[in-house]
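[1] model this:
(2 chains)
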Amino acid sequence: MPDYFNEMYQDGRVREPYAGIEDWANDMPVDLRGMKQSEAEALFRRIGITFAVYGEGGSPDRLIPFDMFPRVFSAREWDRLDRGIKQRARALNAFLADVYDRGEIVRAGRIPAHLVYQNDAYEIAATGFTPPQGIFSHIVGIDLVRTGPEDFFVLEDNCRTPSGVSYMLENREIMMRMFPTLFQNNRIAPVETYPMQLKRTFDSVAPKKCDGDPCVVVLTPGHFNSAYYEHSFLADMMGVELVEGSDLFVEGDFVWMRTTEGPKRVDVIYRRLDDAFLDPLCFRSDSMLGVSGLMNVYRSGGVTICSAPGAGVADDKAIYTFVPDMIRFYLGEEPILKNVPTWQCAKSDECKYVLENLHELVVKEVHGSGGYGMLVGPKSTKDEIALFRTKIEDNPENYIAQPTLALSTCPTFVEEGFAPRHVDLRPYCLVGKDITLVPGGLTRVALTEGSLVVNSSQGGGVKDTWVMAEG
Amino acid sequence: MLSRTADNLYWMARYMERAETNARLLEVAARNALLPDTGGGNRNEWDSVLQAAGTRDAYRTKFGRDAVQRNVETHMFFDRDNASSVAACIHSARENARIVRTALTTQVWEAINDAHAEMTELARQERSTLSTSFMKDFALRHMAHVRGAILATQLRNDGYDFMNIGHYLERADSTARIVDVKYYVLLPNVSMVGSGLDNYQWRTVLHAMNAQRAFAWVYGGEVTARKIVDFLVLNRQSPRSLIASSDGVMEHLERLSRGYGRTTSATSRARTVNAMLSEVTVEDIFEEGLHAFLQRVLNEVGALGHEITTSYLNGEAR
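    Sure, this is the predicted structure:
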């Protein structure tokens, strides 16, 4: 087994970012911890922050387990992440603006044309139109893992509608409520400005035809969606309406919402549904969730859609490999954050390597998400590996493989005291007229001992993520 | 605000009030059934509330013709197949609230969510440990909690108006139905009108509304049908009276008209109903027949609800 990097303890000593909580964690009596844990759960349930797991049945009111042991970064560590994430968000947006325009990066031979133009996420309907500020992806969620003190890897990019930010905000609220002295004794950078910055980001990309204060709305598929809590939470925190497709209609050159006072014009739509459902006249004609004629208004500059239709082509797993090249190509900079080495099964020599080394690789579907349909080689049985081998041989284009990363661990409360568990990190970068990143993010933790799968749909939990303020 | 949001707020309030109505109706039946049998075994206290609630057909389909206490309680309190049972109303209120979380304060949401959680718990309890009064108190306590949270914490905006319109409209409907139980519950024969039994049944109606003391303060002396009808229909001091409920609907529709700078057909309709209730006298009501009068009010309330929907709630407003 590889030697995992423990974010709190190194060579028997407590690392500097965690110095302020060592005593807190060691001195906490077990019964107090049990009490606080049930208090936290009661709070989550009361405010209604629950999570439905697709395809698993059971209660839609399930809680994501919350671990009270915070995950901590020093100001210096965060500074580097901050620069790396913003750099990546800029490059991804430059890429999107380019591939829906002249496609210079393809012409220059840096990315194969078919990976872009034949990609399922590439939207013909988005070509030839530049959205306000040239921004396609307004919220970029970058999934990061750590393997050493200075070693961070980007696992994947999320350019469409990354979810989970409400957990980042609520986890902090709950921690502050339960352990106020921790916050008095440590200088922890606040994350609560996120909704305000999100609103500011939307305001800054109002369409050309918008005069006066932009009317921003959050478009949700409805209250049966597993992330509905988050949709309503963000709308609430920004002070904007939470709408469903049926609340909107197109008339003339604009999108309107149905209100008790008659129609009201909408300028910016933060949509939390997939491209395919946005406009039945343009995409899937059986969509009941979208708005007929929306794309026409969008393309004529009557409304801004965030993220822009077609933004998904930038976070495709096949495109992921090329992000470091994008950074060099568009920004003329060296990537601050590394990619995980990735083998494309579509290439026969790489596929051969993957098939020979399945027992030590992680294999993922190119278009999959949520930890479904993946193989973690070292944790799988011979039968599971054999099954995956036939799947890959049947359809190699559908798979990529990566080395099994030695994910860092963070102390996590367990039955007796606390023990190391593997974690990842998703910060949320906002891109409008300015690029902003709140100091924090969502830390997901694999609660089962030894497990490397942190997805909430696979039994992962969440933690509050601290960035210590400078000095 | 969004028409759909207004619609959810309006129905959330209506369902809360409806849950309370059902609990009160059960209390009426339970108390009437306590009286010694004077009618030669021909009793229908439990059937009468089914008729007043308008769910007798649904009940009979599921439980058969016998209206026995335990089944009626199940039907009107716990049965989720009955859309107006207390459990179903609390569930619907919570669903409506959940959709419009953004328009509710934390306190209001938590009050509704708690009611729902405790209702789910209650449904798991052994039924023989639950008395009718306990169930009524349970519903009343939670509805008071929600209503109190609304009054104390909600922003006084149009959403507040839509909640109140739903609340008062449903309350008008509720009072009309509870008073009408008296029409359905049998008196052994005509000569019993005005008798002790008759008055007892009337007092039960007051009891179900927790209004005996208030009634005594206002009227004193004997309990008579006329006084009670005056109290529950025409007296503005009585918080559940038809006129007070109608005033509540009016007040909030007028506030909307002022805020939006336009008057709708709903406002006009509400004015008509309000004028009718302001002018009618107890004599007129008994002349017309109490039951006929109450049925007319129920129809008016239904029609007003329809106007409110088309004027504000279904997104057709222009």
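[2] Smallest distance to chain A belongs to which residue of chain B?
    Proximity of chain B to chain A (CB to the nearest CB) peaks at B:Gly315, 3.3 Å away. For glycine as for every other residue, the C-beta is placed from the backbone atoms N, C-alpha and C.
[3] Phi and psi next, for the nearest residue in space to that residue that is not next to it in sequence.
    Distance criterion CB to CB, 6 or more residues apart in numbering or on different chains; nearest residue to B:Gly315, sequence neighbours excluded, is A:Arg258 at 3.3 Å. A:Arg258 adopts backbone torsions of phi -80, psi 120, taken as degrees, to the nearest 10.
[4] Which pLDDT value goes with A:Arg258?
    According to the prediction, A:Arg258 has pLDDT 95.
[5] check contacts around it.
    A:Asp247, A:Leu248, A:Phe249, B:Leu2, B:Ser3, B:Arg4, B:Gly315, B:Glu316, B:Ala317 (CB atoms under 8 Å, 6 or more residues apart in numbering or on different chains).
[6] how about 6 Å then?
    When the contact criterion is CB atoms under 6 Å, 6 or more residues apart in numbering or on different chains, the partners of A:Arg258 are A:Asp247, B:Ser3, B:Gly315.
[7] what is it paired to in the beta sheet?
    A:Pro263 (DSSP bridges).
[8] where's it relative to A:Val266, distance?
    As for A:Arg258, its distance to A:Val266 is 11 Å (criterion: CB to CB, to the nearest Å).
[9] shouldn't the residue of chain B closest to chain A be in contact with B:Ser3?
    Yes: with contact defined as CB atoms under 6 Å, B:Gly315 reaches B:Ser3; the gap is 4.1 Å.
[10] So between those two, which is more surrounded?
    B:Ser3 (23 against 20; other CB atoms under 10 Å in any protein chain shown).
[11] separation between the more buried one and B:Ser128?
    46 Å.
[12] And for B:Gln107?
    Distance, B:Gln107 to B:Ser128, using CB to CB: 35 Å.
[13] which of these two has more neighbours?
    More crowded of B:Gln107 and B:Ser128, by other CB under 10 Å: B:Gln107, with 16 against 7.
[14] residues in contact with that one?
    B:Ala149, B:Thr153.
[15] now swap in B:Ala23 and tell me
    By CB under 6 Å, 6+ apart, the neighbours of B:Ala23 are B:Val86, B:Lys136, B:Ala139.
[16] can you pull out the helices in the stretch 301-450 of chain A?
    Remark: helices assigned in the stretch 301-450 of chain A by DSSP state H, counting those that start in this stretch are A:317-320, A:323-326, A:348-356, A:382-394.
[17] Compare those helices and report which one is nearest to chain B.
    helix A:317-320 (34.5 Å).
[18] From the contact counts, what lies against the closest one?
    Judged by 3 or more CB pairs under 6 Å, 6 or more residues apart in numbering or on different chains; DSSP states H and E, helix A:317-320 has no packing partners among the helices and strands.
[19] Quick one: mean pLDDT over it.
    86.
[20] what about that helix, distance to the chain center?
    Computed by CA atoms, centre = their mean, to the nearest Å, the chain-centroid distance of helix A:317-320 equals 15 Å.
[21] how much space is there between B:Asn299 and B:Ile165?
    18 Å.
[22] what do you get for B:Met76?
    On the measure of CB to CB, B:Met76 and B:Ile165 end up 25 Å apart.
[23] For the stretch 51-200 of chain B, which residues score under the pLDDT cut-off?
    Scanning the stretch 51-200 of chain B for pLDDT under 70 picks out the ranges B:186-194.
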